Each structure stands twice: as structure tokens, then as C-alpha cells.
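S.K.: model this:
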Amino acid sequence: MKENTTYPLISVVMPIYNTARYLRKSIPSVMAQDYPNLEIVLLNNGSTDESDTIIREYAQQDHRIKFFEITHVSTVKESRDNAIARATGDWIVSVDSDDSIDNHHVSKLWLRHIETNAEWVCGRMKYKEGDKELPIVIPSLDFDMNTVMSGEEAMLRTLFNWEIGLNGSLRKRSIFSNLITEHSDFFYTDECDTRMYLNNCNKVAFADTTYWVTCNHDSVSRTPSATGILYPLITVVGLCQYFNKRYGRHSILSEGAVIQLYRVYIKSFDYMSRNIDSVAKQLNDFHKKRIKEAFLSLSDRRDIIGLCRYYRCKYLYIRYQKMLKI
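M.R.: Model (predicted):
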């Protein structure tokens, strides 16, 4: 660590749900950070495995750990939001409970903020399956980690492909609070939120540190469910509304989002048609409202998708409206 550097409280938040077999790697990786002013927020999202026991064991070992329990919520977004709400630091780093970070991760992010005055500092994401490192790196190895860009440019680099990695990044807390105040009606999924948070930044920087992603085939995001199937659709519905309000309905971003919405709409109905019985049982009012919003958004933009595509959307909506009770 550098001398004559101030170290404000940074909160590392980790929402946890049934990831007991990964916690003896993920939690110690956070505890091993050399950043001198750290708060560790562990939130148990109603786990039914041994997660609770393991969390309590580590909480007794480290006074920086704050342990919370909540009644189970079904989405990663809700769980993470709950953890962030309980954090007290002015800066937030979010780590998934099946992932891990290098020992100097938080320190390197903070020092990069000092150098650039960026409100959001990202590391590099690398993937593992067990002990095997996979050839997946975000951003790519040829990306210059000395890069500094605007929040809008960073957001654009996530729209169609994740060109930059955001897991384990350092974010100024005010980014969340300002956006929640300004657009409280727009929060749909964590990927939708992330794009809006980025767009709310003045400056995004990068640090030469690694966030290790575990390929967990049992994770919530990979488990077949109505939420998982509709996740991309709900994300793009939120982005369509956000872009319309921020940039106007005839902006390139708004029109591009409509085309993307059409694609995921068709794909989502294709998934649902093959799993209609299980999906119908899992749909809640939130899902139904977003499906309806997606259809209405596409109906409103027939000038962009064309009449043939619109009638295809309408046919699918009417066909499954009674079965899904939308």
C-alpha cells in the first residue's frame, strides 16, 4: 500500500444462496485482502444447505464480517440489493459467493481510483471450472488496462457483447443512490441496472487485478426456471424504457434496443413453448407484467420492427395469453 494515501471504508458485499461448497474459497479470498479499511457484508438469502454454518464460522474469526439473514428472494438482483442496502461504506465491491478475488484486488482497485478519480474501477474477469483455468478472459488480454473511458462508452461496450468485465468492480455508492432516486421505476434485472449505473458515471477506469469466476452449473442464473428463461427479455424491456426516457424514442440506442427486444421476445416464447407447463406454474405477477410490457413496447414500435414481425409477436402473445394467464 502507498504512503500518504487515505483509505475510506470499502464494503465488499456477498449475497449467498446454497453455495456452501464454494464458501471456503470465496469468503477467505475476501478476508485475505490487504486493503486496511474493509467491511465484509455476508447476506444469507435463505440457504437450505450448510451455508449458514460456514458463514457463522468465518464471522467469529473476523470482526470485519457483518452477517445478515433474509427470507429467500428469487433473483440475484434482489439478494445483491439487500446486501448493498446493509453496507455502510461509501464504496462497494460485489463478489458472488461461488467466485474469488486475488489478495490485492481491492487495494489495486482503490489505487487506480486515486490515479484516475474514476467512480467505477473494473478488473479483469477470468474463468475456472474446478482447478482448470478456461480460455475466457473479459476484457480480452489485448485490452489496455490503463484505459479510462466515460460511463456511456463503457455501457455501450456491454450492450451486445460483454467487452468489459464488471464483476468484482469498485463502485462509488452515490451511483446507486442517485439513480434510484432518479429512475425508481426502471429496476428490472441486475444486468439492466448495471447498464444504467454505468451510464450514470462520469468516468470508468481499469486495474490490473483478477476476479475469478467459477463455472457453477448449479447457480441460480443457470438453473432452468421462468425467471431464467425470461431474464434477457426483462432486461431489454427495462433498457428500452430507460433509453426512451433518457435519449428519446428515435435515438439510435432506443431503436437498437427495440430490435434486440424483438429477438429476445421470440427466443423467450420459443423457450416457453417447449416448457409451457413448468413455466406457467412459476410465472408470478412481475413476470406477467414484463411480458405484457414487452409486447406493448413492440406494438408501439411497429415502425422499427415492421408489420410482419409485429404480427408474429401478436400471434405469440395471443396464443399463450390464456395458458400463461398474462
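
S.K.: buried by neighbour count: which residues of stretch 53-69 qualify?
M.R.: Of all the residues in stretch 53-69, those buried under the rule 16 or more other Cβ atoms under 10 Å are 54-55, 58-59, 64-68. Quick note: C-beta positions are derived from backbone N, CA and C, even for glycine.

S.K.: what about it, average pLDDT?
M.R.: Stretch 53-69 shows a mean pLDDT of 97.

S.K.: equivalent analysis for stretch 315-326, please.
M.R.: Per-residue pLDDT values across stretch 315-326 average out to 83.

S.K.: contacts for the strand or helix carrying Val93, please.
M.R.: Under the criterion of DSSP states H and E, Val93 resides in strand 91-94. For strand 91-94, the surrounding residues in contact (Cβ atoms under 8 Å, 6 or more residues apart in numbering) are 8-14, 80, 83-84, 105-106, 109-110, 167-173, 176.

S.K.: now stretch 313-326
M.R.: By Cβ under 8 Å, 6+ apart, stretch 313-326 touches 262, 265-266, 269, 272-273, 276, 279-280, 283, 288, 291-292, 295, 298-299, 305.

S.K.: out of these, which are buried?
M.R.: When neighbours are counted using 16+ other Cβ under 10 Å, the contacts of stretch 313-326 contain these buried positions: 262, 265, 269, 272, 279, 283, 288, 291, 295, 298, 305.

S.K.: in CSV, list those residues along with distance to Asn199, pLDDT and secondary structure.
M.R.: As requested, these are exported to CSV (distance: Cβ to Cβ, whole Å; pLDDT from 0 to 100; DSSP: H, G, I helix; E, B strand; the rest coil):
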residue, distance to Asn199, pLDDT, secondary structure
Tyr262, 22, 95, helix
Tyr265, 23, 94, helix
Phe269, 29, 89, helix
Met272, 30, 84, helix
Val279, 32, 79, helix
Leu283, 30, 81, coil
Lys288, 28, 86, helix
Ile291, 25, 90, helix
Phe295, 26, 93, helix
Leu298, 23, 94, helix
Ile305, 24, 92, helix
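
S.K.: in a markdown table, list the residues you listed along with distance to Ile234.
M.R.: Below are the buried ones among the contacts of stretch 313-326 laid out as a markdown table (distance: Cβ to Cβ, whole Å):
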| residue | distance to Ile234 |
| --- | --- |
| Tyr262 | 15 |
| Tyr265 | 11 |
| Phe269 | 14 |
| Met272 | 13 |
| Val279 | 14 |
| Leu283 | 12 |
| Lys288 | 11 |
| Ile291 | 9 |
| Phe295 | 13 |
| Leu298 | 14 |
| Ile305 | 19 |
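
S.K.: nearest to Thr116, of those?
M.R.: Proximity of the buried ones among the contacts of stretch 313-326 to Thr116 was ranked by Cβ to Cβ; the top entry is Tyr262 with 38.3 Å.

S.K.: which helices and strands does the helix or strand where Val213 lies pack with?
M.R.: With secondary structure defined by DSSP H and E, Val213 is part of strand 204-214. With contacts defined as 3 or more Cβ pairs under 8 Å, 6 or more residues apart in numbering; DSSP states H and E, strand 204-214 has these neighbours: strand 100-101, helix 105-116, strand 120-129, strand 148-149, helix 151-156.

S.K.: most packed of the ones you listed?
M.R.: Most buried of the helices and strands packed on strand 204-214, by mean neighbour count (mean count of other Cβ atoms under 10 Å): strand 100-101, with a mean of 23.

S.K.: what is the least confident helix or strand in the protein?
M.R.: Averaged element by element with mean pLDDT, DSSP states H and E, the chain has its least confident helix or strand at helix 173-182 (a mean of 68).

S.K.: which helix or strand contains the residue nearest to Ile304 when sequence neighbours are not counted?
M.R.: Counting by Cβ to Cβ, 6 or more residues apart in numbering, Val258 is the residue found nearest to Ile304 once chain neighbours are left out, at 4.7 Å. With the criterion set as DSSP H and E, the secondary-structure element containing Val258 is helix 252-274.

S.K.: now that helix: buried residues?
M.R.: Using 16+ other Cβ under 10 Å as the test for burial, helix 252-274 gives 253-258, 260-262, 264-265, 268-269, 271-272.

S.K.: stretch 305-312 too?
M.R.: Counting neighbours by 16+ other Cβ under 10 Å, one finds that the buried residues in stretch 305-312 are 305, 309-310, 312.
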